[in-house]
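> Generate coordinates for the sequence data below:
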Amino acid sequence: MPYGPVGDFDLNGRIVLITGGGSGIHLELGKLVLSDGAKILIADQTLTPEAEEFPKINPRKERFGDVPDVYVAGAGVFEPSWSNFWDDNEDERYAAIDINVNHPIKLTRIAMTALLKKNKKGVVAIMASITGYTGTYSAPMYCTTKHALIGFTRSIGDADCLEGVKVVTIAPGVVKTPLWYTRPEIMERYGYSDAIAIEAVDVAKGYMKIIKEGKYPGGTIFEISKAGERTIDSPWFIAPPGYDPENPVLGAGVPQEALDRSYQPIIDILMKERGTSKTAI
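Model prediction:
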């Protein structure tokens with residue numbers, strides 16, 4: 001049986017885990033979460049002085065007596081000198097891909113396991129970018145990682161209705177954050193300007209919308225930029241193969257019975273994690 005959807009999700013009294021919460025967008029999000037009555041766990045390599053103002057907490061279940069309700073995958077890097085495509089100074093893999101892609105995907109799986117074991121609903125919110133559906137020759141690995149996150153979010157969207165775990169992504173444009181203004185050489189190279197950038201707190205407010213409001217279901221890609229806000233609704237940026245306006249899924253659709261068969265092994269795995277018996281969808 002379905003355990004969702006999550007629907008409207010009040011943060012008062014909830015536990016929120018934020019990675020990359022030491023500065024910028026996710027520091028601002030932490031402030032908003034606290035003001036909404038939530039308890040917060042910050043995970044980051046280093047904390048700014050502002051982040052040090054958060055209550056000193058031990059990031060364990062025992063600290064609050066339960067697992068987090070919300071998981072924000074905010075940690076990320078932008079073409080660092082130590083891990084990028086063009087300098088290519090790593091032998092076998094790119095650490096930036098581990099940070100930008102593997103971390104949010106793994107955090108999502110950790111969140112699902114934790115929430116199902118406690119039989120509670122929850123939200124995973126992921127930081128992507130407008131570059132997740134565009135591209136930049138000078139920053140190919142960064143753009144690729146953001147494409148991956150948007151694809152992952154769309155793919156895992158059904159977890160909202162099926163399991164009561166909503167996975168959503170925010171895709172901002174240029175934002176005034178330390179990613180830019182602590183690296184003047186990057187600002188110059190990529191043409192950063194305050195005239196095209198939005199404030200970090202505005203992105204944090206966008207996060208709050210997609211976490212709290214049921215009108216943003218699992219799989220939502222929420223764009224925010226100087227031009228405003230919108231959801232990127234269509235999974236196709238061109239017409240699907242075999243597209244017929246009279247029969248929109250023709251040529252690209254998968255029969256429901258095939259979907260059911262492909263979902264059933266996943267349902268079985270998650271039933272075990274939830275501690276319930278096998279149930280057909």
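
> other SSEs contacting the strand or helix carrying residue 161?
Residue 161 belongs to helix 159-163 when assigned by DSSP states H and E. Applying 3 or more C-beta pairs under 8 Å, 6 or more residues apart in numbering; DSSP states H and E, one finds that helix 159-163 contacts helix 103-117, strand 165-172, helix 256-274. Any C-beta I mention is one placed from the backbone N, CA and C, and that applies to glycine too.

> Tabulate the ones you listed (a markdown table), appending mean pLDDT, mean neighbour count and distance to residue 223.
A markdown table is the format used below for the helices and strands packed on helix 159-163 (pLDDT from 0 to 100; neighbours: other C-beta atoms under 10 Å; distance: least, C-beta to C-beta, whole Å):
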| stretch | mean pLDDT | mean neighbour count | distance to residue 223 |
| --- | --- | --- | --- |
| helix 103-117 | 95 | 19 | 18 |
| strand 165-172 | 98 | 27 | 5 |
| helix 256-274 | 88 | 13 | 28 |
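
> Just put the ones you listed in CSV and tack on distance to residue 66.
Shown next, in CSV, are the helices and strands packed on helix 159-163 (distance: least, C-beta to C-beta, whole Å):
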stretch, distance to residue 66
helix 103-117, 9
strand 165-172, 15
helix 256-274, 16
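
> and of those, who's closest to residue 227?
Closest to residue 227 of the helices and strands packed on helix 159-163, according to C-beta to C-beta: strand 165-172, at 11.4 Å.

> So what's the gap between that closest one and the chain middle?
Between the centre of strand 165-172 and the centre of its chain there are 4 Å (C-alpha atoms, centre = their mean, to the nearest Å).

> what do you get for stretch 73-92?
Relative to its parent chain, stretch 73-92 has a centroid offset of 19 Å by C-alpha atoms, centre = their mean.

> Do me a favour and get the end-to-end distance for it?
By C-alpha to C-alpha, to the nearest Å, the extent of stretch 73-92 from end to end equals 25 Å.

> Now it: buried residues?
The neighbour-count check on stretch 73-92 (16 or more other C-beta atoms under 10 Å) flags 73-79, 83-85 as buried.

> in the protein, what secondary structure element scores lowest on mean pLDDT?
helix 61-64 (a mean of 62; mean pLDDT, DSSP states H and E).

> Residue 230 belongs to a strand, doesn't it?
Yes - the assignment for residue 230 (DSSP: H, G, I helix; E, B strand; the rest coil) places it in a strand.

> Now do it against residue 220, distance only.
For residue 230, the distance to residue 220 equals 11 Å [C-beta to C-beta, to the nearest Å].

> These two: which is more packed in?
residue 220 (23 against 12; other C-beta atoms under 10 Å).

> check contacts around that one.
153, 157, 168-169, 210, 231 (C-beta atoms under 8 Å, 6 or more residues apart in numbering).

> just those now: which is nearest residue 40?
The closest of the contacts of residue 220, once distances to residue 40 are taken by C-beta to C-beta, is residue 210, at 17.7 Å.

> ok, residues contacting the helix or strand hosting residue 203?
For residue 203, the host element (DSSP H and E) is helix 200-212. Residues from elsewhere that reach helix 200-212 (C-beta under 8 Å, 6+ apart): 8-11, 24-29, 31-33, 36, 70, 72, 123, 125, 168, 170, 172, 175-177, 216, 220, 222, 224, 229.

> again, only using 6 Å
9, 24-25, 28-29, 32, 70, 123, 125, 168, 170, 172, 175, 177, 216, 220, 222, 224 (C-beta atoms under 6 Å, 6 or more residues apart in numbering).

> Mind checking which of those are in strands?
Among those, the ones falling in strands (DSSP state E) are 70, 123, 125, 168, 170, 172, 175, 222, 224.

> got those as TSV, with distance to residue 161 columns?
Formatted as TSV, the ones in strands among the contacts of helix 200-212 follow (distance: C-beta to C-beta, whole Å):
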residue	distance to residue 161
70	18
123	14
125	18
168	13
170	21
172	27
175	31
222	18
224	25
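
> and which of these is nearest to residue 260?
Closest approach to residue 260 among the ones in strands among the contacts of helix 200-212 (C-beta to C-beta): residue 168, at 24.8 Å.

> Appreciated, that's everything.
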